[in-house]
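Q: Here's my sequence, what's the structure:
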Amino acid sequence: MTERRLVVEADGGSRGNPGPAGYGAVVRDAGTGRILVEAADYLGRVTNNVAEYRGLIAGLRAAHRLDPEALVEVRMDSKLVVEQMSGRWKIKHPDMRPLAAEAGEVFPRERVSYSWIPRERNKDADRLANEAMDAGQAGRAWEPTTAVTETERGEPAETAPAAPPAGWSADLGTATTLVLLRHGETALTPQKRFSGSTGSDPELSDKGRWQAERAAEALAARGTVQAVVCSPMLRTRQTAEAVAVRLGLDVSVEEGLRELDFGAWEGLTFAEVQQRHPADLDAWLASTRAKPTGGSESFASLGQRVAAARDRVLARYPGQTVLVVSHVSPIKTLVRLALGAPPDSIYRMELSAASFCAVQYYGDGNASLRLLNDTGHLR
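A: Now for the predicted structure:
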């Protein structure tokens, strides 16, 4: 089957640099040039470069929603963004690094190319960015001023949710809340052995089952969870089922929430890996694009998988409170994506067995971290 090709045109602007800022992006069919999606948003007071990156992220996310397997050509009139995302220029400014990392995680790197175009060839994205700035400064939400018909698009009109904006945002209705629960202990947990998505798939230990029951009691007392989703691994299914039975809910399995594939490190302690695979371990700790020895995934590819799983859960349960039972790496990834933190921030988080985190997601794409590594129910 022929791979679908999409073009993303993105732009951002700041009136004052920093000043009132906004972005615009369009996604086109590469063959016909038809606009498939338009996206724009007001960002508050940020710099021009931040706005450019936000436009890129929104355009890539819109393209990903259309076809996560597409080949994408990004066209921008920002030489800085094009050269940095192409890997030819170093990203020196600390504010740009997490934005570049976020953009790089939407699609696999090999599926995206970047081209610089002059401003006059980026008129649609530029227009949308200015419309968003005008709307924001007037105190209203951006709305399209030039309609693209279904016939012209080839499909119903769609507006991509905005990238997380800076600062405060308007009332966007009921948020979708993901309560993130790490599974209870297995026999490997207290020994701090690598336990991923391959290997023995251990079950909960007696302590792990006790932890799952305590988590279930805490959630039943709150009475807010409306759905339960978990990874396909046995330890997460057992934890999720303990909660679901208490709440009278079914468990839905989401494949994208499974743990990282640790390859040859499965079942080993950190010290054992350091002894047997020192070079691979050093590379893994130095770069989120490195893979464990014999493993099929890096933290960067895990980020893409988890973000796609998150989007499926949010689409399935809009406005609801959903318990998501998963593992250390996927939960840390969801937290750092909500914060817009760089990929290597996962190395600086602690996540205990059977601990709770919580993230709320709003209609504009913004996210708010509400809880991190809460173990109060286990005391």
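
Q: how near is the closest residue to residue 320 other than its chain neighbours to residue 293?
A: Using CB to CB, 6 or more residues apart in numbering and skipping the chain neighbours, the partner closest in space to residue 320 is residue 226 (4.5 Å). In short, each C-beta sits where N, CA and C put it, glycine included. Here the distance between residue 226 and residue 293 works out to 41 Å (CB to CB, to the nearest Å).

Q: who does the closest residue to residue 79 other than its chain neighbours bridge with?
A: Counting by CB to CB, 6+ apart, residue 79 lies nearest to residue 116, which is 5.6 Å off, once chain neighbours are set aside. Following DSSP bridges, residue 116 is listed with bridge partners residue 76.

Q: Any idea how many residues pack against residue 116?
A: Other residues lying near residue 116 total 17 when counted by other CB atoms under 10 Å.

Q: Would you agree it is in contact with residue 82?
A: Yes: when contacts are counted by CB atoms under 8 Å, residue 116 is listed as touching residue 82 (4.6 Å).

Q: Find the residues that touch each one of the two.
A: With contacts taken as CB atoms under 8 Å, 6 or more residues apart in numbering, the residues that reach both residue 116 and residue 82 are residue 76.

Q: Would you agree residue 22 falls within a strand?
A: Yes: assessed with DSSP: H, G, I helix; E, B strand; the rest coil, residue 22 lies in a strand.

Q: quick one, what contacts it?
A: For residue 22, the contacting residues are 12-13, 40-43, 51, 129-133, 135-136, 142, by CB under 8 Å, 6+ apart.

Q: same thing with residue 269?
A: With contacts taken as CB under 8 Å, 6+ apart, residue 269 has the following neighbours: 191, 192, 193, 194.

Q: can you redo these as TSV with pLDDT, distance to residue 110 and neighbour count?
A: Below are those laid out as TSV (pLDDT from 0 to 100; distance: CB to CB, whole Å; neighbours: other CB atoms under 10 Å):
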residue	pLDDT	distance to residue 110	neighbour count
191	92	38	11
192	91	34	10
193	94	33	20
194	93	28	21
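
Q: what's the nearest residue to residue 181 if we skip its chain neighbours?
A: Nearest residue to residue 181, sequence neighbours excluded (CB to CB, 6+ apart): residue 325, at 4.9 Å.

Q: Now do the same for that neighbour: helix, strand or coil?
A: When the structure is reduced to helix, strand and coil (three-state DSSP), residue 325 reads as strand.

Q: pretty sure it contacts residue 232?
A: No: assessed by CB under 8 Å, residue 325 is found out of contact with residue 232, at 10.9 Å.

Q: low pLDDT regions in this protein?
A: Low-confidence segments of the chain, defined by pLDDT under 70: 1, 144-173, 364.

Q: which secondary structure elements does the strand or helix carrying residue 64 contact?
A: Element membership for residue 64 (DSSP states H and E) is helix 48-66. Applying 3 or more CB pairs under 8 Å, 6 or more residues apart in numbering; DSSP states H and E, one finds that helix 48-66 makes contact with strand 5-14, strand 19-29, strand 35-46, strand 71-76, helix 79-85, helix 96-104, helix 123-137.

Q: between these, which gets nearest to residue 249?
A: Proximity of the helices and strands packed on helix 48-66 to residue 249 was assessed by CB to CB; the nearest stretch is helix 96-104, lying at 32.7 Å.

Q: Quick one: distance of the closest one to the chain centre.
A: In terms of CA atoms, centre = their mean, to the nearest Å, the gap separating the centre of helix 96-104 from the centre of its chain is 12 Å.

Q: Pull out the buried residues from it.
A: 96, 98, 99, 100, 101, 102, 103, 104 (16 or more other CB atoms under 10 Å).
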